[in-house]
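Enquirer: fold the following for me, if possible:
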Amino acid sequence: MEKSPLISIIVPIYNSARFLHRCINSILTQDYLNIEIILVDDGSKDESPIICDDYSKKHNNIRVLHIPNGGASLARKKGIEIAKGQYLSFIDSDDYVTKNYISALYTAIQKYHTQVASCYVQITNANNKIRIEATSAISLLEKNTLMYRFFHYEFWGMPGGLYKRDVLSNLYFPKETLCEDYLIKAQIFIQTPQMALIESPLYIYEKHEGSLSNTPLSLRAFEEFKNTFRVYEIIKQKRPQYAGLALKNVVETCIKLLLMDTLSKRSQYAIQYKPIHKFLKTEEYNIYNNKYLLKKLKFIALTLRYFPKMSIIYNLILH
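Expert: A predicted model of the protein is given here:
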């Protein structure tokens, strides 16, 4: 494409050596040529730093940043700080993209003059064949439609999108690594509640053992509550018309944590559960009157608020 703007593609990397070649090669074969690739090595302990440096020696448009481990969110922030592109995209190091990923997203932004474009994500397992589709329809999502779908667990990830640089300024990037993208995307959609959507799966997310989404009950598991709660607090202040939707997600997270693992295991995290019980107590009225929460979830949340040991019964019923 002639006279196309520079697009920076930021790849946060942590111990991804076995997937890294596939990821980087899928970026290097993009049919959109004016790109720079920023590989942010987030304190990897495997061969990832060596692989990154080897690629940077062979390709003038690849830069490498080695930083102490701080999580994918902070790694993306570091990448943004040194990026030179007018637009930015993010690809996780164990994922990969179709060759028209960037060009399609840029076309979508140009069509609707938005600051954000996204595509569908194809979820696959190792060794499964992926579906390569021609780019299909591009639609515009805005205001209530966008926010309703967002708060119903769509478009949460930073990967799978293209962003005008301006919308990434002055964002809060949490150190917590569960639901951190949800917090960042909420801040973006508060600024610009519209998005061009490509109705094709141009981003391939491969599920494998060790994925961040496969999290057992641990100290880290409570990061999900912290970030969903932060979103609720921000939405109440800046977009109160969507507070009920944001509350729904916090409550669902609370229930997930309150029913996770066994009662014996949960008793080891009494301190971490205190903010959750406090939240359920403070928001009891709003939970009861929330039109977006299923009745059974309201009942479970409010029951567990008073009778935590009822979780044994709910575990049997729900599982």
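
Enquirer: alpha carbons of stretch 258-278, in CSV - could you do that?
Expert: Written as CSV, here are the backbone C-alpha positions of stretch 258-278 (Å, rounded to 0.1, in the frame of the first residue of the first chain):
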residue,chain,number,x,y,z
LEU,A,258,-16.5,-18.2,46.0
LEU,A,259,-17.2,-21.5,44.4
MET,A,260,-13.6,-22.2,43.2
ASP,A,261,-11.9,-25.4,44.5
THR,A,262,-12.8,-26.8,47.9
LEU,A,263,-14.0,-25.2,51.1
SER,A,264,-10.8,-26.3,52.8
LYS,A,265,-8.7,-24.7,50.0
ARG,A,266,-10.7,-21.5,50.1
SER,A,267,-10.2,-21.2,53.9
GLN,A,268,-6.5,-20.6,53.2
TYR,A,269,-7.4,-17.3,51.5
ALA,A,270,-9.6,-15.7,54.1
ILE,A,271,-7.9,-12.3,53.8
GLN,A,272,-8.3,-12.3,50.0
TYR,A,273,-12.0,-13.1,50.3
LYS,A,274,-12.7,-10.2,52.7
PRO,A,275,-13.0,-7.5,49.9
ILE,A,276,-15.4,-9.8,48.0
HIS,A,277,-17.7,-10.2,51.0
LYS,A,278,-17.5,-6.5,51.6
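
Enquirer: list the buried ones in that stretch?
Expert: Using 16 or more other Cβ atoms under 10 Å as the test for burial, stretch 258-278 gives 258, 259, 260, 261, 266, 269, 272, 273, 276, 277. (C-beta placed from N, C-alpha, C; glycine too.)

Enquirer: repeat that for stretch 57-65.
Expert: Within stretch 57-65, the residues that qualify as buried are 61, 62, 63, 64, 65, counting by 16+ other Cβ under 10 Å.

Enquirer: filter the buried residues of stretch 258-278 down to just the ones in helices.
Expert: Using DSSP state H, 258, 266, 272, 273, 276, 277 are the members of those that sit in helices.

Enquirer: tell me how many other residues crowd residue 306.
Expert: Using other Cβ atoms under 10 Å, the number of residues around residue 306 comes to 11.

Enquirer: ignore what I typed, I meant residue 155.
Expert: Residue neighbour count, defined by other Cβ under 10 Å, stands at 24 for residue 155.

Enquirer: that one touches residue 117, doesn't it?
Expert: No: using Cβ atoms under 8 Å, residue 155 is not in contact with residue 117, being 10.7 Å away.

Enquirer: which residues are in contact with each of those two?
Expert: 161, 195 (Cβ atoms under 8 Å, 6 or more residues apart in numbering).

Enquirer: so residue 3 sits in a helix?
Expert: No: under DSSP: H, G, I helix; E, B strand; the rest coil, residue 3 falls outside any helix and is assigned coil.

Enquirer: can you give me the strands for the stretch 151-300 of the chain?
Expert: 161-164, 194-207 (DSSP state E, counting those that start in this stretch).

Enquirer: and the average pLDDT for the shortest one is what?
Expert: Looking at strand 161-164 alone, the average pLDDT works out to 96.

Enquirer: show residues contacting it.
Expert: Contacts for strand 161-164 (Cβ under 8 Å, 6+ apart): 7, 86-90, 102, 105-106, 108-109, 115-119, 155, 188.

Enquirer: one step back: quick one: which of the buried residues of stretch 258-278 is nearest residue 40?
Expert: residue 272 (29.5 Å; Cβ to Cβ).

Enquirer: what's near enough to touch the closest residue in space to that closest one that isn't next to it in sequence?
Expert: Leaving aside its sequence neighbours, residue 272 sits nearest to residue 222 (Cβ to Cβ, 6 or more residues apart in numbering; 4.6 Å). By Cβ under 8 Å, 6+ apart, the residues touching residue 222 are 257, 269, 272.

Enquirer: same list (those residues) but as TSV, adding pLDDT and distance to residue 163.
Expert: Output for the contacts of residue 222, formatted as TSV (pLDDT from 0 to 100; distance: Cβ to Cβ, whole Å):
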residue	pLDDT	distance to residue 163
257	92	31
269	89	36
272	92	33
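
Enquirer: once you drop chain neighbours, what's closest to the residue positioned nearest the centre of the chain?
Expert: The chain has residue 157 as the residue nearest its centroid, 2.7 Å off, counting by Cα atoms, centre = their mean. Leaving aside its chain neighbours, residue 157 sits nearest to residue 181 (5.0 Å; criterion: Cβ to Cβ, 6+ apart).

Enquirer: for residue 206, the count of nearby residues, please.
Expert: The tally of other residues near residue 206 (other Cβ under 10 Å) stands at 19.

Enquirer: what about the nearest residue to it once chain neighbours are set aside, is that helix, strand or coil?
Expert: Beyond its immediate neighbours in the sequence, the residue positioned closest to residue 206 (Cβ to Cβ, 6+ apart) is residue 124, lying 5.6 Å away. Here residue 124 is recorded as strand under three-state DSSP.
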